[in-house]
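**Q** okay, here's the prediction I keep looking at, along with the sequence it came from:
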Amino acid sequence: MLKLDVGFAWAGSIMSILFFATVNYLTSSHQIWFIYPSFILLLWPVSLHYLRKGDFKIHSIFCSIWIIIFLITINYLYSPSHPWFLYASYPLIWWPILMYSVQKRKTVSLAIFGSLLTIVYYSILNATLSHQYPWAIYPSFVVLWWPIVLHCVKAKKYFHLSLWASVLSIIFFIVVNKVSTPHVIWAIYPIFAILWWPLSMYYFILRRKILKSKLDEAIE
């Protein structure tokens, strides 16, 4: 049954690709658009093959390589002067890495290493390819949540999570405000909202401790 399903998927994909290629050539040969549906159609039979067999790791390698090749192709055809595929390829490389790192992907050490590597990678791209604006602060802000959340959740320190996440968010908004619109101080508005997170967590924990102490006194 698996061979029949995969065979049908391959036959359908090839026939569809030939159809789109023919229509592309006959109607708009000056623009190569059939590669877009072809990209999805070729993923269909290969993904079906690996997912049915349970080879999720091999599937992640194939999909990552195939998507990167597709991005490089589009980049070369339409905007060869700017290698933008480098921005999107990096997270795709992490897909198979995390699939193979079954034990380590839940560790804080890998989260810290991955976050620092991501910050360095996008900072280099920012400085070399598009230095007009420090956009690397945005992916840096996102990946720094990885070790913070992982550490606090594993340690069950949810108040610490609210505290460190709030500090990170406040620093992020201040930096964005400074580099984007230094003449308008707008960061105070999201900062005010963010401060309610650790404050509410603190008073919730405090109230629970007070109720627990009163209950213990009543029992005694």
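**A** Received, thanks. Numbers count the residues shown, from 1 in each chain.

**Q** what residue is smack in the middle of the chain?
**A** Nearest to the geometric centre of the chain sits P91, at 6.4 Å (CA atoms, centre = their mean).

**Q** mind checking how far it is from T118?
**A** 8 Å (CB to CB, to the nearest Å). Using the backbone N, CA and C atoms, a C-beta is placed for each residue, glycine as well.

**Q** next: P182.
**A** 27 Å.

**Q** between those two, who's got more neighbours?
**A** T118 (20 against 8; other CB atoms under 10 Å).

**Q** spatially nearest residue to the more buried one, not counting backbone neighbours?
**A** With CB to CB, 6 or more residues apart in numbering as the criterion, T118 has its nearest non-adjacent residue at 4.5 Å, and that residue is V143.

**Q** which residues does the one you found contact?
**A** 114-115, 118-119 (CB atoms under 8 Å, 6 or more residues apart in numbering).

**Q** again, but for L77
**A** With CB under 8 Å, 6+ apart, L77 has these contacts: I32.

**Q** assign it to helix, strand or coil.
**A** Three-state assignment for L77 (DSSP: H, G, I helix; E, B strand; the rest coil): helix.

**Q** biggest helix in the protein by residues?
**A** In the chain, with assignment by DSSP state H, the single longest helix is helix 2-27.

**Q** packing partners of that one?
**A** For helix 2-27, the elements it packs on are helix 35-53, judged by 3 or more CB pairs under 8 Å, 6 or more residues apart in numbering; DSSP states H and E.

**Q** in the helix it packs on, what's buried?
**A** Residues of helix 35-53 classed as buried: 37-39, 41-43, 45-46, 48-50 (neighbour count, 16 or more other CB atoms under 10 Å).

**Q** could you give the angle of it to helix 2-27?
**A** With axes from the mean of the first three to the mean of the last three CA atoms, to 10 degrees defining the directions, helix 35-53 sits at 180 degrees from helix 2-27.

**Q** which regions of the chain sit below the pLDDT cut-off?
**A** Along the chain, segments meeting pLDDT under 70 span 1-4, 213-220.

**Q** can you list the domains in it?
**A** The record's domain parsing of the chain by automatic domain parsing lists 102-156, 158-220.

**Q** adding distance to M15 as columns, could you present those in TSV?
**A** Listed next are those as TSV, based on distance: least, CB to CB, whole Å:
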stretch	distance to M15
domain 102-156	39
domain 158-220	50
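
**Q** P83 sits in which helix or strand?
**A** Counting by DSSP states H and E, there is no helix or strand that carries P83.

**Q** so for it, what's the nearest residue that isn't a sequence neighbour?
**A** Excluding its sequence neighbours, the residue lying closest to P83 (CB to CB, 6+ apart) is N75, at 6.3 Å.

**Q** residues near the one you found, how many?
**A** Other residues within reach of N75 by the criterion other CB under 10 Å amount to 18.

**Q** kindly report the same for F204.
**A** 12.

**Q** same thing with the one 5 residues further on?
**A** Applying other CB under 10 Å, we find 10 residues neighbouring K209.

**Q** check which helix or strand covers it.
**A** Secondary structure assignment for K209, by DSSP H and E: helix 196-219.

**Q** give me the buried positions along that helix.
**A** For helix 196-219, by 16+ other CB under 10 Å, it's 197-198, 201.
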